[in-house]
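J.: 3D, please:
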Amino acid sequence: VQVLSVDDNLNRAEELAREGAEYLAAYGLSMEPAALQGDPAERLLEAQGTADLLVLGAFGGGPVRRWLLGSTTEYALRGSQGPVLVVR
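T.: Residues are numbered from 1 along each chain as shown. Below is the predicted model:
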């Protein structure tokens, strides 16, 4: 299982992936942290190619933010070639 973080700042993405893996390790789950730089929605779909399941966290940003920035979760749901689990 892999914890993947995507951010424009690769150092930040690496830090978040590492924190996510450490958090899950506290519950006895072994995860491999991974980080990518770039647009989250596009990079997640690229990385999904070898995954059995893509699990995304959904964060509400309100209608104005969604209109201005788009929705990573919605983009991933529409563009996914495999199963997606959205956790809120």
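J.: would you map the helices across the protein?
T.: For the chain, the helices identified by DSSP state H occupy 10-25, 40-47, 62-69, 72-79, in order along the chain.
J.: make TSV from those helices and add distance to V1 to it.
T.: C-beta here means a position set from N, CA and C on the backbone, and glycine is covered the same way. Shown next, in TSV, are the helices of the chain (distance: least, CB to CB, whole Å):
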stretch	distance to V1
helix 10-25	8
helix 40-47	13
helix 62-69	29
helix 72-79	18
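J.: ok, which of the ones you listed comes nearest L85?
T.: Relative to L85, the nearest member of the helices of the chain by CB to CB is helix 72-79, separated by 10.4 Å.
J.: circling back to that earlier point, need the helices of the chain in CSV (columns: distance to E32 and mean pLDDT).
T.: Formatted as CSV, the helices of the chain follow (distance: least, CB to CB, whole Å; pLDDT from 0 to 100):
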stretch, distance to E32, mean pLDDT
helix 10-25, 7, 94
helix 40-47, 12, 90
helix 62-69, 29, 58
helix 72-79, 20, 85
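J.: distance to V3 and mean neighbour count added to the ones you listed, as CSV?
T.: Listed next are the helices of the chain as CSV, based on distance: least, CB to CB, whole Å; neighbours: other CB atoms under 10 Å:
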stretch, distance to V3, mean neighbour count
helix 10-25, 4, 15
helix 40-47, 12, 18
helix 62-69, 23, 10
helix 72-79, 16, 16
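J.: which one of these lies closest to M31?
T.: Closest among these, once you apply CB to CB, is helix 10-25, at 4.3 Å.
J.: ok, R88 - contacts?
T.: 57-58 (CB atoms under 8 Å, 6 or more residues apart in numbering).
J.: hmm, 6 Å instead?
T.: Neighbouring residues of R88 by CB atoms under 6 Å, 6 or more residues apart in numbering: A58.
J.: might one say that L56 is in contact with V87?
T.: No - applying CB atoms under 6 Å as the test, L56 and V87 come out as separate, 7.1 Å apart.
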